[in-house]
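# build me a model from this:
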Amino acid sequence: MNKLYFLLFTILISAVCLGQTTVLEESFETDGNGSRYSTSVPEFTDGTGGDFFTRTDGTTATVPSYYVVSGQDASYYFAAMDTNGDGGPAILTLDFTGIDISAFTNMTFAMLAAEDDSSDGFEDWDADASVLVEINIDGGGYTKLIQFSSGGATNTEPGLDTDFDGIADSTLLTPTFQEFIASIGNGTSADIRITFTNLESGDEDIAIDYIRIIDGYVANPSISLTSPLDNSVLPPGTTSVNVEWSTANLGGGETVDITVNGSTTNSVSSPFPVATSDGQNYNITVELIDGGVIDTDMISFDVASLTNVADISTLRSDVIANGLGKFYQITGTSLVTHTDGFNNRQWIQDGNITGILMYDSGSVSTTFTVGDNVSGLKGYTEESAGVLRFVPFEDSGSIDSSGNPVTPQVVTIAAFNAAPDDYESELIRINNITFVDGNGVTTFSTGTNYNVTDGVDTVVKRTDFFSADYIGQLIPSGLQPAIVGVAGEFNGTSQIYVRSMSDLTLSSGEFSANSFKVYPNPTSIGYVNISSKSQISMKVSVFDVLGKQVINKTVDNNRLDVSTLSSGIYIMKISQDNATTTKKLVIN
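This is a model prediction of the structure:
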C-alpha cells in the first residue's frame, strides 16, 4: 500500500520572536546519526522483513511507502513503520542527551508529527502500539510528555483520525504534519527519549520532524476548518451546510474571512451557513486576518445527486458501470427476506431475484419485517469484504404490503461458488447437504465457519447472526434435505448465512427442484408446460414483482394458461406430493 506524505507545514518560530530562545533543535537534515541524537540502529535502517525506520526525504526509505510529491517541501524527516519484531527490533528509541537547560525557566517541548491513514478507512492501533516522548531532568527518571497510542488513559493527544493525520477516513491519503507541545520543568540538564513500540505494518506508521525545546515559547495564531470534512460527499437534498472552524493562540484583534467558490465574505464567525444544491462542488477557504493573512485553511466538499433506479438489479448494474458511493432511490418494491439487530441490517431482493444488504446505522425509523414489500428506499453504496451494501441516508421506504411469501431460490454449491456475486444477498436453498462437523457432539458457535458439502463441492456456512436460535445447538449429522440462508461472500469466497433453526430442519419432501421443468421459459405463446416425475395434480401459484398473487390453479394436464399475464417477470410456486419449489417465469 503506497502512502503519500505531503509536507505541507511551515517551519514555525525559531528564536525569531522577542524573548524566545531555542534550547534544542533537530530537523534530521544531517546524514547518519547526527550530533543531537543517537540510536542503536545505524542510519536508522533495519531493512529486515519489511520493517523500517529512517531519516528520509521520502525518496530513500528502505521501503518506499513514504515519498515527497514533486514541488512540495523536500525537507528530511524521521519515519517509522512495522517496528513489531517480525525480523527486526520491536522497539526503536531516539535519545537526545545532556541538554543544558540551566539558564532557562519557561521551557516548552515542541514536535511535528504525522500519521498515515489506511486506505480502507479503519485505523485502530493495536493495544501495545505506541509512540512515547519522555523527559528526564537531572537524573530524576523519565516522565511522559506526549504519547500517541490506541486511546484510553495512556493517550495524551487528540483522537488519531480527527486531529492527528488531518483526515477522517478513506478519502485521500494526505496526512499533514501538525505541531504537538508540552511544558517541561526547570533544572540543570535534560534528556529527551522518543520510543516507537510495536508499530504494525499498514496503518500504524508515523513520521516526526522539527523537534525543539524553546524557552519563552509563543505559538502562532492559527485557524482550522473542522466541518464539513475535506473531500466529503453530502447527501442529495442538502440545501444548507454550516461551515465551522476553530482558532487558537489569538491575540484578540484577529478577524476571519471566508471564500466560497471564489466569493469572499469578510469578518465572519463560525458557523457560517453556505447554501448548497445537488450535484455541486464547493471549495472553501478561511483566512485569519490581523493586518494581513496570518493563517489559512481550506477544504472541498460535494453535494451528491440522487439517481432513481427501478429495482436492485438496475442499481447493481449502475454500480458496476459507475463505481461505489453514488446515492440512489429504489423506486420499485423490494421484498424483505431477513432482518438482524446488528446495525439494523435488512436483506432485500427484487422480482428479478437480485438482492442487496441494507446496512442502516439509524436513519430509517420504520420497522420492516420479513415478507414486507418496501418501495422508495434511499441510500448510497459501499462495499465491505466484497459485499455490496446499501446505506440509507434518510428516513425513507414505505411498506406497500406485508405477509408476502419469501421463497428461497434453489441453487447448487457449484453454481454458487462459481459466481457468488450473482447470488449475493439473495435468499437461497442448497439441497442434499452434509455438515462436515456434524459428528453428533459439536455445537454451533458464533462467528464461526462450518463447511457444508453436497458430496462433490463445499461451501462455508457462517454463523453471522449471533442471536440465531441454533447457536449452542448440535450441528446436524448425516445427509440433510437442504439448507436455507442468505447468500454472501467474504472477499470472493462464497458463504451462506442461515437465519434460524427452521432453515436447518427442513422436511425431506420440500424443494425437490429437479423434479419440475417449466418450458418454454421465457414464453410468448400464452402458456407454459410443467413436467414432473409424478402424475399427481400440481398446485401452481404465480406472483408478480410486488408479491401479489395473480394465478392460483390446480394443473392436471401439465399445462398452465398464462395468457392473462402482461409482459414481465413472475415467480411460480409449484407444489406436488409434498414437494415444493419456486421458478422464475418470464412473459415476453
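
# which stretches of the stretch 451-588 of the chain form strands?
458-462, 479-490, 493-497, 517-519, 527-531, 538-543, 549-555, 559-561, 568-576, 579-587 (DSSP state E, counting those that start in this stretch).

# where are the low-confidence patches of this structure?
The model of the chain has pLDDT under 70 over residues 1-19, 28-76, 81-91, 115-128, 150-177, 199-205, 506-515, 533-536, 577-579.

# state which strand of it is the longest.
strand 327-340 (DSSP state E).

# just the angle between it and strand 568-576, please?
10 degrees (axes from the mean of the first three to the mean of the last three C-alpha atoms, to 10 degrees).

# got a list of contacts for the helix or strand just after strand 327-340?
Next in sequence after strand 327-340, counting helices and strands by DSSP states H and E, comes strand 345-349. Residues outside strand 345-349 that contact it (C-beta atoms under 8 Å, 6 or more residues apart in numbering) are 312, 334-340, 355-360, 368, 374, 377, 425-427, 486. Quick note: C-beta positions are derived from backbone N, CA and C, even for glycine.

# residues touching Ile312, list them.
Contacts of Ile312 by C-beta under 8 Å, 6+ apart are Ile330, Ser334, Ile348, Gln349, Asp350, Asn352, Thr354, Gly355, Ile356.

# any idea how far the nearest residue in space to Gly386 that is not next to it in sequence is from Val518?
For Gly386, ignoring the flanking residues on the chain, the nearest one in space by C-beta to C-beta, 6 or more residues apart in numbering is Asn491 at 4.6 Å. Counting by C-beta to C-beta, to the nearest Å, the separation of Asn491 from Val518 is 36 Å.

# and for Ser531?
Distance from Ser531 to Val518, by C-beta to C-beta: 8 Å.

# more neighbours, the two?
Val518 (18 against 11; other C-beta atoms under 10 Å).

# the closest residue to Thr448 other than its chain neighbours: what's it in contact with?
Take Thr448 and drop its neighbours on the chain: the residue closest to it by C-beta to C-beta, 6+ apart is Thr463, 5.2 Å away. Each residue near Thr463 by C-beta under 8 Å, 6+ apart is listed here: Phe444, Ser445, Thr446, Gly447, Thr448, Tyr450, Ile471, Tyr497, Val498.

# pick out the most distant pair among these.
Ser445 and Tyr497 (14.5 Å; C-beta to C-beta).

# and these two? Which one has more around it.
Tyr497 (20 against 12).

# related to what we said a few turns ago, isn't the residue nearest to Gly386 right next to Glu383, touching?
No. The pair Asn491 / Glu383 is not scored as a contact, 10.2 Å apart, by C-beta atoms under 8 Å.

# who has more neighbours, the two?
Shown here are Asn491 and Glu383; by other C-beta under 10 Å, Glu383 has more neighbours (12 against 8).

# what bridges to the more buried one?
Leu388 (DSSP bridges).

# now it: how far from Ile356?
Per C-beta to C-beta, Glu383 is found 11 Å from Ile356.

# kindly report the same for Gln473.
30 Å.

# who has more neighbours out of those two?
Ile356 (27 against 12).

# correct me if wrong, but that one is in a strand.
Yes. Secondary structure assignment places Ile356 in a strand (DSSP: H, G, I helix; E, B strand; the rest coil).

# any idea what it is bridged to?
According to DSSP bridges, beta-bridge pairing links Ile356 with Ile348.

# which residues touch it?
Contacts of Ile356 (C-beta under 8 Å, 6+ apart): Ile312, Leu315, Arg316, Trp347, Ile348, Gln349, Leu388, Arg389, Phe390, Glu424, Ser425.

# and which of those residues is nearest to Val562?
Gln349 (22.7 Å).

# how many neighbouring residues does that closest one have?
For Gln349, using other C-beta under 10 Å, the count is 23.

# many thanks, I have nothing further to ask.
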